[in-house]
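1. Kindly generate the corresponding structure for this input.
(one chain, ligands or ions: 2)
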Amino acid sequence: MTQDLSWTPSERDIQAEKSRIAKEVEAIGIDTLTKLASAAFEAKDRTYSPYSHFPVGSAVLDTAGLIHTGQNIEVATYSEAGHAEEQAIKNAVSSGVIATQGRMFVRAIAATAAPCGRCRQIIAEFSDNPLIVILDTKGNIQTITSLMILLPLAFSPKDLPGQ
Ligand code: THU
Ligand code: ZN
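-> Ligands and ions are numbered 1, 2, ... in the order given. Prediction:
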């Protein structure tokens, strides 16, 4: 018999995460999450996306309760595009949050589209399992999930020696 090395999240882990998400929604408050959603939706209007014509807006709620926004910024070479979630995080870093809150400053992040794989990795760098809030095309909250659900078995700074 070969050993079973397959891994999938257990039902128990998923249910525990579901109730943690509900508690975190309660703790942050639906008013704040609605404000975060509006900030992400409004940030979409500041997009520079002449190639895809697909504006994306994002907003980070940091661990001090401040909101930082970003939107996609494209480049004629296509692959150099900055994604909305990436820009929101980089804008937060530029505003100095790491000095006061440390590396894991993202408590929740909203976006007008589901974050791509690369953005999920960038979010992981600056958070400890934050809420991920996905909006519909009208700017209403469509889905609230978490990074643990969207990026299981993630590679993170702790996988590097000395981190
Ligand atoms: N986009 C984002 O801003 N975030 C994502 O994670 C998904 C994709 C942008 C990149 C590009 O400007 C446009 O959406 C179409 O892919
Ligand atoms: Zn992305």
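2. doesn't Gln87 fall inside a helix?
-> Yes - Gln87 forms part of a helix when assessed by DSSP: H, G, I helix; E, B strand; the rest coil.
3. Buried ones in the strand ranked longest in the chain, by neighbour count?
-> Scanning the chain for the longest strand, with DSSP state E as the assignment, gives strand 127-135. Using 16 or more other CB atoms under 10 Å as the test for burial, strand 127-135 gives Ser127, Asn129, Pro130, Leu131, Ile132, Val133, Ile134, Leu135. (Each C-beta comes from the backbone N, C-alpha and C, glycine too.)
4. can you tell if it touches ligand 1?
-> No - judged by CB under 6 Å from any ligand atom, strand 127-135 stays clear of ligand 1, getting no closer than 10.7 Å.
5. got the CA positions of the next helix or strand after that strand in CSV?
-> Where DSSP states H and E defines the elements, the next helix or strand beyond strand 127-135 is strand 141-146. What follows is strand 141-146 as a C-alpha-only set of coordinates in CSV (Å, rounded to 0.1, in the frame of the first residue of the first chain):
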residue,chain,number,x,y,z
ILE,A,141,-20.6,43.2,-1.5
GLN,A,142,-21.0,39.9,-3.3
THR,A,143,-18.7,37.6,-1.3
ILE,A,144,-16.7,37.8,1.9
THR,A,145,-14.0,35.1,2.3
SER,A,146,-10.5,34.9,3.6
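6. now strand 141-146: mean pLDDT?
-> Average pLDDT, strand 141-146: 98.
7. re the thing from before, tabulate the CA atom coordinates of the longest strand of the chain in CSV.
-> Extracted in CSV, the C-alpha atoms of strand 127-135 (Å, rounded to 0.1, in the frame of the first residue of the first chain):
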residue,chain,number,x,y,z
SER,A,127,-1.4,40.1,6.3
ASP,A,128,-2.3,37.3,8.6
ASN,A,129,-5.3,35.7,7.0
PRO,A,130,-7.3,38.9,6.2
LEU,A,131,-10.9,39.1,5.0
ILE,A,132,-11.2,39.2,1.2
VAL,A,133,-14.3,41.2,0.1
ILE,A,134,-15.4,40.8,-3.6
LEU,A,135,-17.8,43.3,-5.1
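8. Max pairwise distance over the buried residues of strand 127-135: which two?
-> Asn129 and Leu135 (20.3 Å; CB to CB).
9. Do you have the helices of the protein handy? List them.
-> For the chain, the helices defined by DSSP state H occupy 11-28, 30-43, 84-94, 97-101, 117-125, 147-150.
10. Right, I'll call it a day here.
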